[in-house]
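1. predicted coordinates and the sequence they were generated for:
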Amino acid sequence: MTPIKTILLGSTAALLAVGAAQAADLPSRKAAPIEYVRICDAYGSGFFYIPGTDTCLRVGGTVVGEYRAYSTSYRMSRSLLGSNSVAGLSGAYGPFFNGVTTPRFPWYGSVPGVGAYSNARSGDNQGFAGTGRIELDARTATPYGALRTFIRLESTYGSDSSAATGSLSGGQYFGGANFSNGTVFRSTARETTILNKAFIQFAGLTAGRVQSFFDFYTDNINWEALRGSNATVGAFAYTYTFGDGWSSSLSIEDNTSRRGIIGSTVGVNPWFPAAATGFFGTLNNVWGAQQFGVPDGAQIPEIVGNVRWDQPWGALQVSGAAHQIRTSLYGNGAALTNPTLRAIPVRSEDDYGFAVQGGVQFNLDTFAPEFFNGGDKLWIQAVYEQGAVGYIQGNNLSFEAGPVNGNTFYGYGNGGTKASNGWSFNAYDCIWTAGVNGVGHCDKSWGWAVLAALKHYWTPTLSSGVFGSWMSQYYSNQSISPTFGFGSGIGMVNLDEYRIGTNLVWTPVKNFDIGGEIMYLTDNYRSRPVGLAPDYVLWSYGLPSWKGANYTVEGRLRVQRTF
């Protein structure tokens, strides 16, 4: 080996030795430990800790697929158009007008306009609906108790009779609208997404979009809604727990979620035109021509309170609510003319309605052991309202038109779930009447609803429900039979409505249901509306005879998975 090669090899070995020694002196870095998802059992099953936090989260959801079909008792009499449907009589069609353009003689009466009826062939007797729900429930332990945040989002699809409120008008042609005749085609199918619930709970405080604190039974076992109160509202509430199962809540809630329609029977005097002199002419100059009432903006929220008692045998709750009614009376066409002349209210009024409710729920473990998914349950509930129809009308997240509860979304205060078919009426917080002395007043309605529902488990996987409700709605004498000559429009009608149904559900796998439901719904109107034209006049327009009783039979097939 040459001296030069020896020197090079020796230098390389020395450098490697020095490098190894220096590397041994360097600090070492270990990989961060993996933080696995940990189970949180403080709030029940399904919760886990969000990695890196002390917050527990539960992710859940539901998917529902339904097929619905219904039949009605409605039949035409001497109709030119076949089996038509007439909806929305409200007393606002104008006294002794045909509802189109031409005034008639006093004995003629009012005929609903073209926009108030539809050809029967345009109505589906079946439809499909699908709903998807996602829920997030986050809870954190604090010195004041659990801090909870809850979110529920729902999307739905419905075809025609199951279509959502707000669907595009018209049929599938002309871009979703029928320009030649708006009464022929029904609403098209539509997808809709809503924020069903979203609230925060902390130390007795609840704030956000919640189930009303007035409510007790909320369609727990039935799919078609029953009458009563089942409302989703915006609210700020405080709940105090006394102990031994007793609690009480005080809540301020969204007025618009309970706001009903305002009606009017005030209109022109057919015998004495507004230009006439004397008492009748003066009256009509004051009232103008046909009048319509509208709800004004809310100033005060719903004031709701309850007292509840939960025990091993079940639960008991008493609820009460105060409801502000602000309304004005306007001349017909006020919004279409000079606002300084016609858009100023003829008359305005502030008033209050109220509602009271009592409900009880029994755990019937004697009939079905507790291991049968919690055992049998029985609910009984009754509610009375005055000037607050939203508290008896049913689920306010319901399609409010059509003969059945069209889908899960989206109604308003006077609550959809209408059973009416053929001739149908809206429900009103109050109705403007001229009064016996020509002094206008919005007469409050009143009504009540009772319901009962029983859930029974035949086996751990086979259950059925039996349920029903009875609602009665009443109006003042002036609303029903306006004094002739003092603005006699179409009078409202007192009514009774009955619902009774049953379902059968098979649960082959936990949280997976296959079942069917059938419900019978009927409306009974107690009299013919004052001011409505005689049947022979209705026939001449191709409209049906007045029919004081109508019924619907609805069937559903449902497949549902919850996780």
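-> Received, thanks.
2. okay, CA-based contacts and neighbour counts for the rest of this
-> Noted.
3. okay, buried residues for stretch 202-212 please.
-> Going by neighbour count (16 or more other CA atoms under 10 Å), the buried part of stretch 202-212 is 202, 205, 206, 207, 208, 209, 210, 211, 212.
4. show only the entries of these found in strands.
-> Judged by DSSP state E, strands contain the following of the buried residues of stretch 202-212: 202, 205, 206, 207, 208, 209, 210, 211.
5. reformat the residues you listed as TSV; add distance to residue 54.
-> Below are these laid out as TSV (distance: CA to CA, whole Å):
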residue	distance to residue 54
202	16
205	21
206	21
207	22
208	23
209	25
210	25
211	28
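6. and which of these is nearest residue 394?
-> Distances from residue 394 to those, taken as CA to CA, are shortest for residue 211 (12.9 Å).
7. where does this structure have low pLDDT?
-> 1-35, 72-110, 112-124, 160-190, 267-291, 332-343, 366-373, 398-426, 435-439, 482-490 (pLDDT under 70).
8. now do the helices in it.
-> Residue ranges of the helices in the chain, as given by DSSP state H, are 3-25, 278-287, 477-480, 535-540.
9. other SSEs contacting the last one?
-> What it means is helix 535-540. Using 3 or more CA pairs under 8 Å, 6 or more residues apart in numbering; DSSP states H and E, no helix or strand is in contact with helix 535-540.
10. equivalent analysis for the shortest one, please.
-> Counting contacts by 3+ CA pairs under 8 Å, 6+ apart, the secondary-structure elements packed against helix 477-480 are strand 428-433.
11. who's in contact with the strand it packs on?
-> 259-266, 293, 325, 329, 386-389, 414, 440-445, 478-479, 482, 487 (CA atoms under 8 Å, 6 or more residues apart in numbering).
12. go on, stretch 469-479?
-> Here stretch 469-479 makes contact (CA under 8 Å, 6+ apart) with 226-228, 265, 392, 431-433, 435, 443-452, 491-500.
13. among those, which lie within strands?
-> Per DSSP E, strands hold the following members of these: 228, 431-433, 443-444, 446-452, 495-500.
14. buried among these? Make that a PyMOL selection.
-> Burial among the ones in strands among the contacts of stretch 469-479 is assessed by 16+ other CA under 10 Å; the matching PyMOL selection reads:
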select buried, resi 228+431+432+433+443+444+446+447+448+449+450+451+452+495+496+497+498+499+500
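15. so what's the residue lying closest to residue 497 once chain neighbours are set aside up against?
-> Leaving aside its sequence neighbours, residue 497 sits nearest to residue 523 (CA to CA, 6 or more residues apart in numbering; 4.5 Å). Neighbouring residues of residue 523 by CA under 8 Å, 6+ apart: 419, 420, 495, 496, 497, 498, 548, 549, 550, 551.
16. compute the first-to-last residue distance for stretch 208-221.
-> Stretch 208-221 stretches 26 Å from its first residue to its last (CA to CA, to the nearest Å).
17. ok, now which ones touch residue 234?
-> Neighbours of residue 234 in contact, by CA under 8 Å, 6+ apart: 207, 208, 209, 210, 253, 254.
18. surely residue 197 meets residue 152?
-> Yes - between residue 197 and residue 152 there is a contact under CA atoms under 8 Å: 5.0 Å.
19. and for these two, which residues touch both?
-> By CA under 8 Å, 6+ apart, no residue touches both residue 197 and residue 152.
20. and the strands in the stretch 101-250 of the chain, which stretches?
-> Counting by DSSP state E, counting those that start in this stretch, one finds strands in the stretch 101-250 of the chain at the ranges 117-118, 126-142, 145-158, 190-202, 205-211, 228-230, 232-243, 246-253.
21. so which of those strands is nearest residue 539?
-> Closest to residue 539 of the strands of the stretch 101-250 of the chain is strand 117-118 (CA to CA; 13.3 Å).
22. so which residues of the stretch 251-400 of the chain form strands?
-> Assigned by DSSP E, counting those that start in this stretch, the strands in the stretch 251-400 of the chain fall at 261-264, 291-295, 302-311, 314-331, 347-364, 376-386, 393-395.
23. then the second one to CSV, C-alphas only?
-> Spelled out, that is strand 291-295. Listed next in CSV are the C-alpha coordinates belonging to strand 291-295 (Å, rounded to 0.1, in the frame of the first residue of the first chain):
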residue,chain,number,x,y,z
GLN,A,291,-112.7,44.6,3.9
PHE,A,292,-110.0,42.1,4.8
GLY,A,293,-108.2,41.6,8.1
VAL,A,294,-104.5,40.9,8.5
PRO,A,295,-102.2,40.0,11.5
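24. quick check: angle from it to strand 314-331?
-> For strand 291-295 against strand 314-331, the angle by axes from the mean of the first three to the mean of the last three CA atoms, to 10 degrees is 140 degrees.
25. which secondary structure elements does strand 291-295 contact?
-> Here strand 291-295 touches strand 261-264, strand 314-331, going by 3+ CA pairs under 8 Å, 6+ apart.
26. neighbouring strands for the last one, and are they parallel or not?
-> The one in question is strand 314-331. When pairing is defined by DSSP bridges, strand 314-331 lines up against strand 291-295 (antiparallel), strand 302-311 (antiparallel), strand 347-364 (antiparallel).
27. same thing with the shortest one?
-> Strand 261-264 has the following strand partners under DSSP bridges: strand 428-433 (parallel).
28. how much does the strand it pairs with deviate in direction from strand 376-386?
-> Going by the same axes, to 10 degrees, strand 428-433 makes 20 degrees with strand 376-386.
29. reformat the helices and strands packed on strand 291-295 as TSV; add mean neighbour count.
-> Formatted as TSV, the helices and strands packed on strand 291-295 follow (neighbours: other CA atoms under 10 Å):
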stretch	mean neighbour count
strand 261-264	27
strand 314-331	22
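30. nearest to residue 539 among those would be which one?
-> Closest to residue 539 of the helices and strands packed on strand 291-295 is strand 261-264 (CA to CA; 25.9 Å).
31. I figured residue 157 hits residue 131, correct?
-> Yes - between residue 157 and residue 131 there is a contact under CA under 8 Å: 6.5 Å.
32. distance to residue 236 added to the strands of the stretch 251-400 of the chain, as JSON lines?
-> Below are the strands of the stretch 251-400 of the chain laid out as JSON lines (distance: least, CA to CA, whole Å):
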{"stretch": "strand 261-264", "distance to residue 236": "25"}
{"stretch": "strand 291-295", "distance to residue 236": "24"}
{"stretch": "strand 302-311", "distance to residue 236": "10"}
{"stretch": "strand 314-331", "distance to residue 236": "14"}
{"stretch": "strand 347-364", "distance to residue 236": "19"}
{"stretch": "strand 376-386", "distance to residue 236": "23"}
{"stretch": "strand 393-395", "distance to residue 236": "20"}
